[in-house]
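> Sequence first, then the predicted structure, then my questions.
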Amino acid sequence: MASAMLEFRTPGYNPYAVKYSPYYDSRIAVSAAANYGIVGNGRLFILGLGPAGIQLEKGYDTNDALYDLAWSEINENQLVVASGDGSVKLYDLVTSGDFPVMNFVEHKREAFSWSPSRPTSIKTFPVGTCTYSACFSPHNPNLISCVSSDSNIRIYDLRSPVSAKYHLTTVIPAHAPPVTPVGVLAALANGQTYAGAVPSEILTHDWNKYRDTVVAAAGVDRLVRTFDIRNPTGGPLSILMGHEYAVRRLAWSPHASDVLASASYDMTVRVWSDGSAAMPPAPSQPPVIQLGQQLGLMNRHAEFVTGVDWCLFGSGGWLASAGWDQRVLVFDAHTLLPPVL
């Protein structure tokens, strides 16, 4: 596995997020912060993968920590970063200079999505609690989701009427017990039937790239859960167990409907199957919580792993990870899988 590992160091900066370009399999962006993001400035790294390994293509320094980033899906040279001062900064890689081409300031603290075509936010959704992750559905531009410290997954539908709920259409209590316990898998760590969990902060979530109603979420309680937004109170579809500390980032594979990767404070990246491919749901049967299978583990980081992302191209196995050990690693997930006997 060591021979498949590429590495880039970010001296003086602790990465918080890593994202492959949706246009090039050889370009990666990393947002990072000095002093673990507690105090100090930030830096955006644009990295290129080539015969010589991972090389720095461009770097941008900021006055505050950078906690997240996203590539544009309409311009191959643009990306946005979320800053600790509440701003969202838009960078263009082909422009001269070291400064963002636009700077949006509306949030009071760390921030998420924007449109570069206007100077103010398109919509504002009051959540009422600390929000750690927000994203659009890859299947429907009208659906926006977020997860937060109150243990809920929220779905906003822009097609719904503006009301007191600000387009909020679905709330999934991630740690609630399933409504129908019949057939629930009874093989969690202590062998007891799953009956929910103590509500805790959800730090990350992601939409399945193939199943348009399936969302995965994870956080402080170390478990990864998948849900069907059509049944918000029915409990999880599957539970993925194995991480020893909080899960900081999730990413569904763009190559397989049942595979996802997770990054954790236990210093590992894990690749999972949620069990859906092996056991498709039967409409006439009561819902069953599947126990997902860990397919592989990468433990080459020496600090919290805060970012993980899949490459959209190639054979379907390349992953990039970033952690507080000031390292970005690129590896083939196939090398994590156990040998076929």
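Nice, thanks for sending it over. Quick caveat: nothing in here was measured; it's all calculated off a predicted structure. Numbering: from 1, shown residues only.
> okay, and for the protein, where does confidence drop off?
Along the chain, segments meeting pLDDT under 70 span 1-4, 107-119, 164, 178-197, 278-287, 338-341.
> ranges for the helices of this structure?
Counting by DSSP state H, no segments of the chain form helices.
> any idea how it splits into domains?
1-122, 127-302+335-341 (automatic domain parsing).
> now those in a markdown table, with distance to D325 and mean neighbour count?
Where you see a C-beta, it was placed from the backbone N, CA and C, and this is true even at glycine. Shown next, in a markdown table, are these (distance: least, CB to CB, whole Å; neighbours: other CB atoms under 10 Å):
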| stretch | distance to D325 | mean neighbour count |
| --- | --- | --- |
| domain 1-122 | 8 | 17 |
| domain 127-302+335-341 | 4 | 18 |
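> Please name whichever of those is nearest to G317.
domain 127-302+335-341 (7.7 Å; CB to CB).
> Y36 and N14 touch, don't they?
Yes. Counting by CB atoms under 8 Å, Y36 does reach N14; the two are 5.0 Å apart.
> if I look at the two, which residues touch both of them?
Common contacts of Y36 and N14, defined by CB atoms under 8 Å, 6 or more residues apart in numbering, comprise W324.
> about what we covered before: using JSON lines, lay out the domains of the chain together with distance to D309.
Output for the domains of the chain, formatted as JSON lines (distance: least, CB to CB, whole Å):
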{"stretch": "domain 1-122", "distance to D309": "5"}
{"stretch": "domain 127-302+335-341", "distance to D309": "5"}
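> Ok, which of the ones you listed comes nearest W324?
Of those, nearest to W324 by CB to CB is domain 1-122, at 4.4 Å.
> what sits against the nearest residue to C135 once chain neighbours are set aside?
Spatial nearest neighbour of C135, excluding adjacent residues (CB to CB, 6 or more residues apart in numbering): S145 at 6.1 Å. Applying CB under 8 Å, 6+ apart, we find S145 in contact with 134-137, 153-156, 205, 207, 215.
> Check those and tell me the two furthest apart.
Top of the distance list for the contacts of S145 (CB to CB): F136 and I153, 14.4 Å.
> From L319, how far out is N75?
25 Å (CB to CB, to the nearest Å).
> Out of the contacts of S145, which sit inside strands?
If you go by DSSP state E, these have 134-136, 153-156, 205, 207, 215 in strands.
> Include distance to L93 when you put these into CSV, please.
Output for the ones in strands among the contacts of S145, formatted as CSV (distance: CB to CB, whole Å):
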residue, distance to L93
A134, 24
C135, 23
F136, 23
I153, 34
R154, 33
I155, 33
Y156, 31
H205, 28
W207, 27
V215, 31
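> Return the member of those nearest to A65.
Scanning the ones in strands among the contacts of S145 for proximity to A65, where the rule is CB to CB, the winner is A134, at 18.2 Å.
> thinking again about what came up before, and of the ones in strands among the contacts of S145, the nearest to H243?
H205 (15.2 Å).
> Contact partners for the closest one?
With contact set as CB under 8 Å, 6+ apart, H205 has these partners: 133, 135, 145-147, 153, 215-218, 250.
> let's go with 6 Å and repeat that
133, 147, 215, 217 (CB atoms under 6 Å, 6 or more residues apart in numbering).
> do A251 as well
When contacts are counted by CB under 6 Å, 6+ apart, A251 touches 206, 261, 308-310.
> Who's the closest spatial neighbour of it, skipping the chain neighbours?
Leaving aside its sequence neighbours, A251 sits nearest to A261 (CB to CB, 6+ apart; 5.0 Å).
> Tell me how far that neighbour lies from H243.
In terms of CB to CB, A261 sits 12 Å off from H243.
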